[in-house]
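S.K.: A structural model of the following input is requested.
(one chain, ligands or ions: 2)
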Amino acid sequence: MNSNSEQLSPLAPLQAALAQHLVGHESLIERLTIALLTGGHCLIEGPPGIAKTRAVNTFSRLVALDFARVQATPDLLPADLTGSDLYRQETGQFEFLSGPLFNQVILVDEINRAPPKVQSALLEAMGEQQVTTGNTTRELNKPFMVAATQNPIEHEGTYPLPEAQLDRFMFHVELALPNSEHERDILNYVLDNDQIDSLQPVIDAAGILDAMQRVKSVHLSPAVRDYIVRLTTATRGEGSSGEYAKDIAHPSSPRGSIHLAESARAKAWLLGRDHVQPADVSDLACDVLSGRISLNYRARAEGKTPRDVLTAIVDNTPVV
Ligand SMILES: Nc1ncnc2c1ncn2[C@@H]1O[C@H](COP(=O)(O)OP(=O)(O)OP(=O)(O)O)[C@@H](O)[C@H]1O
Ligand SMILES: [Mg+2]
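M.R.: Ligands and ions are numbered 1, 2, ... in the order given. Just a heads-up that it's a prediction; the model follows:
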């Protein structure tokens with residue numbers, strides 16, 4: 001423990017306010033906060049009506065960052081995200097009209113309804129924090145975070161995200177329907193206490209950038225790094241838990257290890273620690289890696305999900 005341990009993190013008010021307005025979504029709240037702190041992006045998946053859009057809208061109101069919402073539809077064009085050059089008759093010049101990607105928090109709602117060309121326009125922005133149109137590349141603002149939502153991918157009229165796109169998300173968070181206790185709380189909240197329209201920001205860009213710097217100095221020991229490597233390479237069949245990779249068609253990329261390490265640092269910092277513990281890593285592993293692996297036909301026919309296989313890997317990978 002360090003001297004920080006007694007203090008609340010500057011992100012605590014954000015997490016507390018989110019928890020007040022999102023019933024039972026503690027894990028999602030933590031993942032969104034971690035993504036913000038690490039320059040990561042978050043894909044939120046789940047059935048309709050469980051507050052996916054609401055979560056990102058609430059988040060955007062509580063951080064004093066520029067926010068844009070893109071409703072993905074099959075007729076969306078890449079320029080609808082990036083912006084485009086417009087000819088101005090008055091000046092006889094082209095002028096760049098920036099698109100929603102030039103904001104800081106971007107909600108891409110129902111991302112899997114966007115056609116592949118639009119999804120790939122997001123790749124550069126998410127991976128490199130820049131946008132290229134024509135011959136010009138423009139830097140995006142910092143902090144920059146994409147939070148995308150999608151309904152489960154079997155739905156009609158959707159374009160499943162390609163692996164390269166999924167790999168750019170730090171987290172793939174899957175939300176489930178609430179239990180009866182949460183259902184009652186949601187009802188009470190929406191009917192009696194819905195204050196989303198009057199929410200005020202609890203942290204600004206300078207506060208977030210400062211916190212991002214601090215997160216980078218959280219210690220990640222060689223032993224914890226090795227643990228991260230064991231988890232990722234198990235998806236490729238290596239090590240004692242590599243046997244579970246028999247179900248995996250496409251394993252995790254190195255970006256999986258990097259995102260796991262970065263997110264574990266932020267989690268440790270949010271908990272007031274100056275070093276990462278293996279439990280930080282194992283807690284995040286499924287949400288970091290599940291979007292990056294796909295299962296082979298046989299495993300899918302048996303009804304297994306990437307999360308099932310990753311849970312087995314996490315449960316069977318030695319921590320030291
Ligand atoms: N856990 C929850 N906490 C607070 N409100 C909730 C919760 N679950 C559902 N709601 C309420 O349900 C409504 C639907 O939420 P929202 O539109 O965000 O769902 P969604 O998951 O984005 O659905 P869709 O996939 O259809 O777009 C909102 O009024 C929201 O306040
Ligand atoms: Mg929605």
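S.K.: count of neighbours near the closest residue to residue 243 other than its chain neighbours?
M.R.: Setting aside the residues directly before and after it, residue 243 is nearest to residue 237 in space (C-beta to C-beta, 6 or more residues apart in numbering), at 7.9 Å. Every C-beta, even on glycine, is put in place using the N, C-alpha and C of the backbone. Neighbouring residues of residue 237 were enumerated by other C-beta atoms under 10 Å; the total is 14.
S.K.: mind listing what residue 237 touches?
M.R.: Residues in contact with residue 237, defined by C-beta atoms under 8 Å, 6 or more residues apart in numbering, are 243, 245-246, 248, 251.
S.K.: OK, contacts around the residue nearest the centre of the chain?
M.R.: Nearest residue to the geometric centre of the chain (C-alpha atoms, centre = their mean): residue 42, 1.3 Å. Residue 42 is in contact with 31-32, 35, 145-148, 169-171, 173, counting by C-beta under 8 Å, 6+ apart.
S.K.: most surrounded residue in those?
M.R.: Ranked by neighbour count (other C-beta under 10 Å), the contacts of residue 42 have residue 147 at the top, with 30 neighbours.
S.K.: whatever residue of the stretch 101-250 of the chain ends up closest to ligand 1: what's it in contact with?
M.R.: Taking C-beta to the nearest ligand atom as the measure, the point where the stretch 101-250 of the chain comes nearest ligand 1 is residue 186, at 4.4 Å. Taking C-beta under 8 Å, 6+ apart, we find residue 186 in contact with 23-24, 51, 178.
S.K.: and which of those is nearest to residue 152?
M.R.: Taking C-beta to C-beta as the measure, residue 152 lies nearest residue 51 of these, at 15.9 Å.
S.K.: what's the neighbour count on the closest one?
M.R.: Residues contacting residue 51 under the criterion other C-beta under 10 Å number 22.
S.K.: from residue 244, how far off is the closest residue to it other than its chain neighbours?
M.R.: The shortest distance from residue 51 to any residue that is not its chain neighbour, by C-beta to C-beta, 6+ apart, is 5.9 Å, and that residue is residue 22. Residue 22 sits 33 Å away from residue 244 when distances are taken as C-beta to C-beta, to the nearest Å.
S.K.: using CSV, lay out the contacts of residue 237 together with secondary structure, distance to residue 96 and neighbour count.
M.R.: What follows is these, written out as CSV (DSSP: H, G, I helix; E, B strand; the rest coil; distance: C-beta to C-beta, whole Å; neighbours: other C-beta atoms under 10 Å):
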residue, secondary structure, distance to residue 96, neighbour count
243, helix, 53, 13
245, helix, 46, 20
246, helix, 51, 11
248, strand, 43, 22
251, coil, 40, 18
